[in-house]
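> need a structure here:
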Amino acid sequence: MGNESSVRDMLFISHANPEDNEFARWITLQLAREGYPVWCDLTKLLGGEAFWDDIQDAIKNRTIKFLFVSSRTSNSKEGPLQELDCAKGVAKKFKDTLRDFIIPLKIDDLPHDDVHITIHRLTSISFTPSWAKGLAQLLEKLAEQGIPKKPNFGPQAVTEWWRGAVSANEGLLQEPDEHLSNWFPLTMPDDLYCHYVNRKTIGKIDFDTDALPSPAVKDTDLSFLSFAPAGEFQDKIGTEFYIARSDPYRTAEILSGSGPREFPKHLVQLLRMGWDRMMIRRGFMQFKMANDANCYVVKSGMLPNDRLTFQNIDGTSSWRAAIGYRTTAAGKRYWHFGIQAKLHVRPEPLCVIKAHVLFSNDGRTLWNNPRRSLRARRSQCTNWWNDEWRDRLISMMAYLADEGIVRIPIGEAVDVTLPGLPIRFQSDISYVVLKDRKISADEEDEDIDDDFEDDTEEEP
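Sure thing, here's the model as predicted:
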């Protein structure tokens with residue numbers, strides 16, 4: 001790079017402030033951690049580098065790579081565009097020595113045709129499928145072009161910056177903090193029954209537990225387990241069969257490991273069957289997830305105004321939308337909130353609730369395309385903060401509960417119960433959340449491009 005390489009030694013991060021601050025701070029610290037001298041207005045004194053008061057002079061004389069955070073906001077905001085115009089002049093002046101001086105970093109769904117004319121023809125690095133994947137591609141490009149590193153940058157410099165710039169005002173607090181989990185303790189009936197089946201006539205014993213009125217799981221070809229007593233099955237197991245004997249087992253003994261070895265696994269199956277039947281009976285749509293688990297989703301018209309209501313800690317009533325829609329280039333795209341229950345009996349009986357968002361075109365028929373759903377979810381939920389997920393999960397459980405208790409029927413007069421509120425954990429230390437931090441989108445399937453063009457968003 002001629003004489004310019006001895007002077008130009010900094011990566012310059014240009015971005016829209018404050019809209020793209022989260023990404024700009026993240027990419028700056030990641031590059032600094034790798035040892036690259038990098039400057040951003042959000043990380044003054046990082047690596048001991050003084051803050052540049054004259055931005056134009058910094059771009060003209062100190063910058064070796066101009067990294068433009070390309071977004072819908074920066075594409076039309078005066079500050080970033082002025083910096084971009086300055087960088088364009090440098091790139092033109094030193095086109096023989098500063099190869100690929102401007103590198104656009106694409107971070108949202110800004111359509112290619114709308115990209116600012118200054119960088120329209122430049123090859124950008126996409127961070128929309130995954131920030132991690134975009135960083136890897138950027139680091140590879142910097143290494144290929146021999147961009148030098150500096151000893152005063154690295155992991156230690158990032159740690160020192162974080163302690164000095166963040167911890168004093170936004171770090172740990174020596175005060176108790178309560179954390180809300182998604183764990184709901186299960187209370188099961190005292191007794192589990194093993195029912196032994198026989199025939200009234202000679203022949204093979206073959207019966208189907210799926211069709212029985214209460215959840216039941218085969219233990220052997222001649223027996224099945226259920227929390228329901230024999231009387232519930234005598235006339236339902238088939239005209240040729242009858243229950244010859246029923247052996248009771250204490251549920252607590254099975255959970256402690258002193259019962260038959262296969263019984264804990266059967267217990268989980270019984271709990272899952274009870275949950276599935278309850279959710280279908282309550283009117284939820286069932287959706288089969290990639291791991292073969294069932295997710296239960298709110299459908300249009302199921303709730304008043306498609307809203308879930310709940311009580312705040314102060315006793316006031318609040319609500320969250322369970323269904324909404326966006327108007328995209330292809331028309332209306334509905335989103336649906338749903339939950340998945342993961343049921344455990346060891347090390348203790350627990351129901352772990354996971355939240356999901358699925359999509360449809362009509363409010364009822366869910367998409368069955370994982371890649372398409374993932375793209376839509378990243379677009380829809382990118383600005384959902386923790387309270388958005390928490391409130392919907394709590395309000396969903398409140399909807400299922402009766403006087404604060406969710407009852408899963410597993411017999412005519414037998415229920416498995418769980419509280420409407422999850423387990424809370426107490427910590428001796430708290431922290432102040434960064435104001436501009438939001439939940440990152442899923443990192444699964446990094447090869448997906450977000451090609452949705454959302455114009456408006458509405459919640460019914």
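
> could you pull up the contacting residues of the residue nearest to Gly203 when sequence neighbours are not counted?
Among residues not flanking Gly203 along the chain, Glu240 sits closest, at 7.2 Å (CB to CB, 6 or more residues apart in numbering). C-betas here are computed from N, CA, C, even on glycine. Glu240 sits next to Arg199, Lys200, Thr201, Gly203 when contact means CB atoms under 8 Å, 6 or more residues apart in numbering.

> and the strand or helix carrying Lys60, what does it pack onto?
Assigned by DSSP states H and E, Lys60 belongs to helix 55-61. Packing partners of helix 55-61 (3 or more CB pairs under 8 Å, 6 or more residues apart in numbering; DSSP states H and E): strand 10-14, helix 78-93.

> average pLDDT for that helix, rounded please.
Averaging pLDDT along helix 55-61 gives 90.

> could I get that helix in CSV with only the CA atoms?
Extracted in CSV, the C-alpha atoms of helix 55-61 (Å, rounded to 0.1, in the frame of the first residue of the first chain):
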residue,chain,number,x,y,z
ILE,A,55,-13.8,12.8,11.7
GLN,A,56,-13.0,14.0,8.2
ASP,A,57,-9.3,14.1,8.9
ALA,A,58,-9.4,10.6,10.5
ILE,A,59,-11.0,9.2,7.4
LYS,A,60,-8.6,11.0,5.0
ASN,A,61,-5.3,10.3,6.9
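
> and that helix, what's buried?
Neighbour-count burial for helix 55-61 flags Ile55, Ala58, Ile59, Lys60 (criterion: 16 or more other CB atoms under 10 Å).

> which two among the residues you listed are spaced furthest apart?
Ile55 and Lys60 (9.6 Å; CB to CB).

> which residues do these two both contact?
Counting by CB under 8 Å, 6+ apart, the contacts common to Ile55 and Lys60 are Cys86.

> now do stretch 123-142: distance to the chain's middle.
How far stretch 123-142 lies from its chain's middle: 21 Å, per CA atoms, centre = their mean, to the nearest Å.

> now the helices: where do they sit in this protein?
Taking DSSP state H, the helices of the chain run over residues 4-7, 21-33, 55-61, 78-93, 131-144, 155-162, 168-170, 251-256, 263-281, 370-381, 386-400.

> next, the distance between the ends of stretch 36-44.
15 Å (CA to CA, to the nearest Å).

> same deal with stretch 135-153?
End-to-end distance of stretch 135-153: 17 Å, with CA to CA as the criterion.

> lowest-confidence one in the contacts of Glu240?
Out of the contacts of Glu240, that is Gly203, at 73.

> how many neighbouring residues does that residue have?
9 (other CB atoms under 10 Å).

> may I see the helices and strands packed on helix 55-61 arranged in TSV, with mean neighbour count and mean pLDDT as well?
Shown next, in TSV, are these (neighbours: other CB atoms under 10 Å; pLDDT from 0 to 100):
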stretch	mean neighbour count	mean pLDDT
strand 10-14	25	95
helix 78-93	16	93
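
> go through the ones you listed and name the closest to Asp41.
Once the helices and strands packed on helix 55-61 are compared by CB to CB, strand 10-14 is nearest, at 8.1 Å.

> which strands and helices sit next to that closest one?
Applying 3+ CB pairs under 8 Å, 6+ apart, we find strand 10-14 packed against helix 21-33, strand 38-39, helix 55-61, strand 63-70, helix 78-93.

> if you set the cut-off to 7 Å instead, what comes out?
helix 21-33, strand 38-39, strand 63-70, helix 78-93 (3 or more CB pairs under 7 Å, 6 or more residues apart in numbering; DSSP states H and E).

> low-confidence stretches in the stretch 351-460 of the chain?
Applying pLDDT under 70 to the stretch 351-460 of the chain picks out residues 431-460.

> what sits up against stretch 209-222?
Applying CB atoms under 7 Å, 6 or more residues apart in numbering, the contact partners of stretch 209-222 are 194, 196-197, 205, 224-226, 228, 232-233, 236-237, 262, 266, 269-270, 273-274, 277, 410-412.

> under the pLDDT cut-off, which ranges of the stretch 151-300 of the chain? List them.
165-172.

> repeat that with 80
Within the stretch 151-300 of the chain, the stretches with pLDDT under 80 are 162-174, 203, 206, 238, 290-291.

> what ranges does it have for its strands?
Per DSSP state E, counting those that start in this stretch, the stretch 151-300 of the chain carries strands over the ranges 172-173, 177-180, 183-185, 191-199, 217-220, 223-226, 241-250, 285-288, 294-297.

> same list (these) but as a markdown table, adding mean neighbour count.
A markdown table is the format used below for these (neighbours: other CB atoms under 10 Å):
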| stretch | mean neighbour count |
| --- | --- |
| strand 172-173 | 10 |
| strand 177-180 | 12 |
| strand 183-185 | 17 |
| strand 191-199 | 18 |
| strand 217-220 | 16 |
| strand 223-226 | 22 |
| strand 241-250 | 14 |
| strand 285-288 | 16 |
| strand 294-297 | 22 |
